[in-house]
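A.B. asks: I would like to see how this sequence folds:
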Amino acid sequence: MAHAPLRSHEIAAKARPGAASVLLREAVRQEQDGSVEEAAERYRTVIALAEAGADNTVGAEALRRLGVIHHRRNDPATANTLCHRSYELAAAQGDDVLAAEALNAIAGFQLEGGGLEEAESTFHRALTLAAGSDLILARVEQNLGILANIRGDLPDAFAHYQRSLEANQRVSDDRGCAIAYHNLGMISADQARWEDADRFYRQSQFLAEALNDTHLRALCLLNHTEVHLAAERYEEAQKSAERALAIFDELGSHLDKADTYKMLGVVYRATGRNALAESRLRTAIELAASTGAVLSEAEATRELALLYQQTNRNQESLKLLTTCHRLFHRLDARVDLVDVAAKLRELEETYLAVVREWGQSIELADAYTHGHCERVANYGVAVAQAIGLDGTAQTTIRLGAYLHDLGKVRVPHEILNKPGPLTPAEFDIVKQHPDWGLELLQGIDFPWDIRPIIGSHHEKDDGSGYPRGLKRDAIPLEAQIICVVDVYDALTTQRSYRAARSPSDALVEMERCRHWWRADVYAAFLRAVAS
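C.D. replies: I've put the predicted structure just below:
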């Protein structure tokens, strides 16, 4: 909304001694009470008075506060202009504290704009200017803690939050202390230091209740739920989350409600109430999606995937994890204040765990192949490293190895465990398992292309493999790697139809059949596995 500038006679009428300070205090009160538009209008009046020759110090503060309002309204250009003017006015007045306040705001804008290095430099300029003000020091240290958290440096984030707490304590700022305690609790929980997290959350909640800060109190209740879960205090965890949900519902905070529903789902999952868990997690996903909260939606999706894994709904679990992977790639560290790389690493660990467990469950149908998928995965990654493949390819090979025999769940039990040689008809059935594996993976859009491994891990370089008799370059490299290590593990472990061979005997047999594999793959296998 555009506002006409004050006319000269209006400025003169307001420019009595102390008028600007009074108007500034009124504007701050209005902003705190939620009357933001009225506060903004008063800040503009204060700025006009300052420009007319009144109190420039008051004008500098009004400029900064109005800049922050424009920032919240997603008007970054105006916000930056106002805060830079605030800095220049404060610096001209020699007011280091107000100049530091302006720099702190500017650095915050830079942080959200993705300029981490630039923001860090500006924050440290603010620290230098604010050396005599614990109030500003507390705010800047808190922001530096946020920056460290985005980078995934939890010890550094903890140190900044600790210094913020100490500065707040020196100026008896209970609200600042409450926020610092809460941040220290979150960092401690991220590091699985549950006793510390418990203590910090309790201190934050105590202060939030004394200050009548309802939202912070509810956040403490919500985040404390994770501590109760870690300690297996399930009844306390449920009560804490339910109390938080009631407060967030009263406040109309949909994003916080999404996070609380997620935590209730985790509580119900941990206590075996799977139907309730699924219901609460689905509500969390819907609420998060409706508010555009990508991080909350991704984390709730991941928790639902873990529930499906726990109840042996493996295909549904992997579909959700794939959705989660896409969501995490949409995360913006600046906006979501999160270490995206760490979130993706955690997700990929979950992906591997689900796929590994599914692969291991397949082996239960054959008493002789226990541990086969894990060994093939380890061998395969070793060969991939020896041949010079990157981390993404190595992850693809590991996941493909865990599920390479997925289609064997459709092979009749009497054929799979037959103690003697298979008849040609029986072997024809076994040869269908690569295609059956692909069918079972339909609808799962993996972040890693494992389908060529599933469908072609029995193809051989000379065309003698199955199911399609592919030759040479028609066989994907990853499938060739799994093929060679699959044969090696089959030869060196006991099967229903023969005893295990020694590694040396197995290598003699494989040397006779080396034409089955590409020369570079076989050479890498010898270096990595057979050396």
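
A.B. asks: make it CA atoms for all contacts and neighbour counts henceforth
C.D. replies: OK.

A.B. asks: what are the ranges of the strands in the stretch 251-400 of the chain?
C.D. replies: With strands called from DSSP state E, counting those that start in this stretch, the stretch 251-400 of the chain shows none.

A.B. asks: kindly report the same for the stretch 1-150 of the chain.
C.D. replies: Taking DSSP E, counting those that start in this stretch, the stretch 1-150 of the chain contains no strands at all.

A.B. asks: what segments of it are helices?
C.D. replies: 8-14, 19-32, 36-51, 56-72, 76-93, 96-112, 116-129, 134-150 (DSSP state H, counting those that start in this stretch).

A.B. asks: distance from the chain centre to stretch 86-99, please.
C.D. replies: 39 Å (CA atoms, centre = their mean, to the nearest Å).

A.B. asks: between the two ends of it, what distance do you get?
C.D. replies: Its first and final residues considered, stretch 86-99 spans 7 Å by CA to CA, to the nearest Å.

A.B. asks: what residues of it count as buried?
C.D. replies: 86, 87, 88, 89, 90, 91, 95, 96, 97, 98, 99 (16 or more other CA atoms under 10 Å).

A.B. asks: what would these look like in JSON lines with distance to residue 124 and pLDDT?
C.D. replies: Listed next are these as JSON lines, based on distance: CA to CA, whole Å; pLDDT from 0 to 100:
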{"residue": "86", "distance to residue 124": "18", "pLDDT": "94"}
{"residue": "87", "distance to residue 124": "15", "pLDDT": "94"}
{"residue": "88", "distance to residue 124": "17", "pLDDT": "92"}
{"residue": "89", "distance to residue 124": "20", "pLDDT": "90"}
{"residue": "90", "distance to residue 124": "17", "pLDDT": "91"}
{"residue": "91", "distance to residue 124": "16", "pLDDT": "91"}
{"residue": "95", "distance to residue 124": "17", "pLDDT": "89"}
{"residue": "96", "distance to residue 124": "13", "pLDDT": "90"}
{"residue": "97", "distance to residue 124": "14", "pLDDT": "89"}
{"residue": "98", "distance to residue 124": "15", "pLDDT": "90"}
{"residue": "99", "distance to residue 124": "13", "pLDDT": "93"}
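
A.B. asks: from residue 405, how far out is the nearest residue to residue 409 once chain neighbours are set aside?
C.D. replies: Among residues not flanking residue 409 along the chain, residue 362 sits closest, at 6.4 Å (CA to CA, 6 or more residues apart in numbering). Remark: distance between residue 362 and residue 405 (CA to CA) = 8 Å.

A.B. asks: any chance of the buried residues of stretch 86-99 in JSON lines, with distance to residue 461 too?
C.D. replies: Below are those laid out as JSON lines (distance: CA to CA, whole Å):
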{"residue": "86", "distance to residue 461": "72"}
{"residue": "87", "distance to residue 461": "70"}
{"residue": "88", "distance to residue 461": "72"}
{"residue": "89", "distance to residue 461": "75"}
{"residue": "90", "distance to residue 461": "75"}
{"residue": "91", "distance to residue 461": "74"}
{"residue": "95", "distance to residue 461": "77"}
{"residue": "96", "distance to residue 461": "74"}
{"residue": "97", "distance to residue 461": "73"}
{"residue": "98", "distance to residue 461": "73"}
{"residue": "99", "distance to residue 461": "71"}
